[in-house]
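In: Pasted the sequence and its predicted model underneath.
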Amino acid sequence: MKLTTLLLAFLCTLSVYSQDFAILSQQEQSKVIDRWLGERLDSILPEVMDRADIDMWLVISREYNEDPIIKTLLPSTWLAARRRTMLLMYKPNGSDKVETLAVARYNVGDRFQKAWDPEEVPNQWKRLVELIKERNPKRIGINISDDFGHADGLNYTEHQLLLEHLPKKYQNRLVSAEELAVGWLETRTASEMATYKHVQSIAHNIIQEGLSEQVITPGVTGTRDVVWWYRDKIRALGLQAWFHPTVDIQRASAESKEHLRTFDKNPDPDVIMPGDVLHMDFGITYLRLNTDTQQLAYVLKADEKEVPNYLVEALAVGNRLQDILTTNFKTGRTGNEILKAARTQMKAEDINGTIYTHPMGYHGHAAGPTIGMWDNQGEVPGSGNYQLYPNTVYAIELNAEVYLEEWQKPFRVMLEEGAYFDGEEVIYLNGRQKEFLTIPRQESYLKD
């Protein structure tokens, strides 16, 4: 009886989680992912193929050594490629539709129709070549790229086999599909954007719960405890973490050198104390979309009811740097051009900041224009030269360093929020942090 009671209590807990965060069942998620894939193949794919001037795109991958692109083309019920999976996408001249074929033993979902019968043509590569000859494309895109790992998924063996079987005439038509691949990955549909705000709100809700008295007992709880609470929470909700979260402390103590650390060296876990500023970095994956968020919390001292004003003012400097960056988002500008313009304005306003903003979508660190790096505030070769396009999503990631007289040392305002660029302006997916979270939260009904 006790075991049954415990089981029921556990199931009720999971039910509450699902209700609070409105997370779909696995079956419902599958339906959404497959519907979105169909919409993307109908709307985004023809557009980006035309933009890249590629009329045939080959995506070839072997099981458990998947091209990053093929994972975005597989149906929701395929968790990996099967044996060798070949996908062929062809857009005839003058057509607004893309033919989608699978050179495989079976259909790949509902959209990629089987185009190979091993009983008739035993050699899979031979059948691929036959399909190419029948369509006679002008430019055949393959996933090789110097600048984007996302677009460099055709491995050495598959590349060599393709060249071995493809007649010289068609070898001369092979081109890098980099622009096409990046365009496919970075461009979001209206349906995806309608849901992205919800995905970001789930991330915000989890962050706020973790940075609260529900999880943290000052003087007892350590930063590592909070990190693993986040990992357990994500798993309990049926979500995925695409990277291990971090939680770190900045404090007034002269012994605390947090402001000097680099991003490859996190401080040792520490017990959280009143007066600490907590910074966390956190990302989830839901419906194949990713979030990447950094927020700040302040642990109230016994005699405090609100965050000290000097910290409030410091956060405002971080928000101002966000505004400087996002107002410089202009269609057609490269990541390097956006960074240069933002840093020029930042220095004119006497802000000491670092900008390291990146695209976000199918990947947390996604394909698209790189806008600075934490260890390089100059031009970023390759991905920094890629242009900004509409209907794309970014993690607005940066920090402003503010000297605090009260601490007698600098304080880093480290912020990161998901935002959408519609071609005209940057819109935060679910708002941005403009006030510190407090531990404990202050309830308005409690009076002295």
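Out: Yes, it's here.
In: What's the local residue count around residue 162?
Out: 21 (other Cβ atoms under 10 Å). (Glycine included, C-beta is placed from N, CA and C.)
In: Return the set of buried residues in the host helix or strand of it.
Out: Secondary structure assignment for residue 162, by DSSP states H and E: helix 156-165. In terms of neighbour count (16 or more other Cβ atoms under 10 Å), helix 156-165 has its buried residues at 158, 162, 165.
In: After it, which helix or strand is next?
Out: Stepping forward along the backbone from helix 156-165, the first helix or strand reached (DSSP H and E) is helix 168-171.
In: could I have that following helix exported to CSV, CA atoms only?
Out: Presented in CSV, the C-alpha positions along helix 168-171 are these (Å, rounded to 0.1, in the frame of the first residue of the first chain):
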residue,chain,number,x,y,z
LYS,A,168,33.2,13.7,-64.2
LYS,A,169,30.6,15.8,-65.9
TYR,A,170,28.6,16.0,-62.7
GLN,A,171,31.6,16.2,-60.4
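In: Would you mark the buried spots in that helix?
Out: For helix 168-171, the buried set under the neighbour-count rule, 16+ other Cβ under 10 Å, comprises residue 170.
In: Residue 419 sits in which helix or strand?
Out: Assigned by DSSP H and E, residue 419 belongs to strand 409-421.
In: Need the mean per-residue confidence for that strand.
Out: Here the mean pLDDT over strand 409-421 is 97, rounded to a whole number.
In: for it, packing partners?
Out: helix 190-210, strand 277-282, strand 293-299, helix 309-326, strand 392-404, strand 426-428 (3 or more Cβ pairs under 8 Å, 6 or more residues apart in numbering; DSSP states H and E).
In: helices and strands around the last one, which ones?
Out: In this case it means strand 426-428. Counting by 3+ Cβ pairs under 8 Å, 6+ apart, the elements that strand 426-428 packs against turn out to be strand 392-404, strand 409-421.
In: Swap in 6 Å and give it another go.
Out: For strand 426-428, the contact count by 3 or more Cβ pairs under 6 Å, 6 or more residues apart in numbering; DSSP states H and E identifies strand 409-421 as packing neighbours.
In: what comes up buried for the strand it packs on?
Out: Neighbour counts over strand 409-421 (16+ other Cβ under 10 Å) mark 409-421 as buried.
In: Could you measure from the residue nearest to residue 193 when sequence neighbours are not counted over to residue 199?
Out: Distances taken as Cβ to Cβ, 6 or more residues apart in numbering put residue 420 closest to residue 193, at 6.2 Å, once the chain neighbours are dropped. Shown here: residue 420 relative to residue 199, a distance of 12 Å by Cβ to Cβ, to the nearest Å.
In: do the same with residue 189
Out: With Cβ to Cβ as the criterion, residue 189 and residue 199 are 14 Å apart.
In: who does the helix or strand hosting residue 134 touch, helix- and strand-wise?
Out: Counting by DSSP H and E, the element that carries residue 134 is helix 124-135. In terms of contacts (3+ Cβ pairs under 6 Å, 6+ apart), helix 124-135 is packed against strand 84-90.
In: any idea how far residue 426 is from residue 282?
Out: To residue 282, residue 426 is 21 Å away according to Cβ to Cβ.
In: cool, and residue 123?
Out: The span separating residue 123 from residue 282 equals 48 Å under the rule Cβ to Cβ.
In: quick one: which of those two has more around it?
Out: Each of residue 123 and residue 282 has its neighbours counted (other Cβ under 10 Å); residue 282 has more, 25 against 12.
In: Any idea what the more buried one is bridged to?
Out: Beta-bridge partners recorded for residue 282 (DSSP bridges): residue 293.
In: can you pull the pLDDT of it?
Out: As summarised for this prediction, residue 282 has a pLDDT of 94.
In: close enough to count as contact, it and residue 245?
Out: Yes - the pair residue 282 and residue 245 qualifies as a contact (Cβ atoms under 6 Å) at a distance of 4.6 Å.
In: And what about the residue most central in space within the chain, helix, strand or coil?
Out: Central residue of the chain (Cα atoms, centre = their mean): residue 364, 2.3 Å from the mean position. Following DSSP: H, G, I helix; E, B strand; the rest coil, we place residue 364 in the coil state.
In: again with the one 3 residues further on
Out: Three states are possible here, and by three-state DSSP the one that applies to residue 367 is coil.
In: pLDDT at it, what is it?
Out: Looking at residue 367, its pLDDT reads 95.
In: now do residue 1
Out: We note a pLDDT of 39 for residue 1 in this prediction.
In: was I right about the residue nearest to the centre of the chain contacting residue 282?
Out: No - taking contact to mean Cβ under 6 Å, the distance of 10.5 Å between residue 364 and residue 282 leaves them out of contact.
In: show me where pLDDT drops low in the stretch 251-400 of the chain?
Out: 254-269 (pLDDT under 70).
In: State the mean pLDDT of the longest helix that the chain contains.
Out: Longest helix of the chain, by residue count under DSSP state H: helix 26-52. Mean pLDDT, computed over helix 26-52, is 96.
In: cool, and stretch 82-91?
Out: For stretch 82-91, the mean per-residue pLDDT is 92.
In: Other residues contacting that stretch?
Out: Applying Cβ atoms under 6 Å, 6 or more residues apart in numbering, the external contacts of stretch 82-91 come out as 46, 49, 55-63, 73, 98-104, 112, 128, 131, 135.
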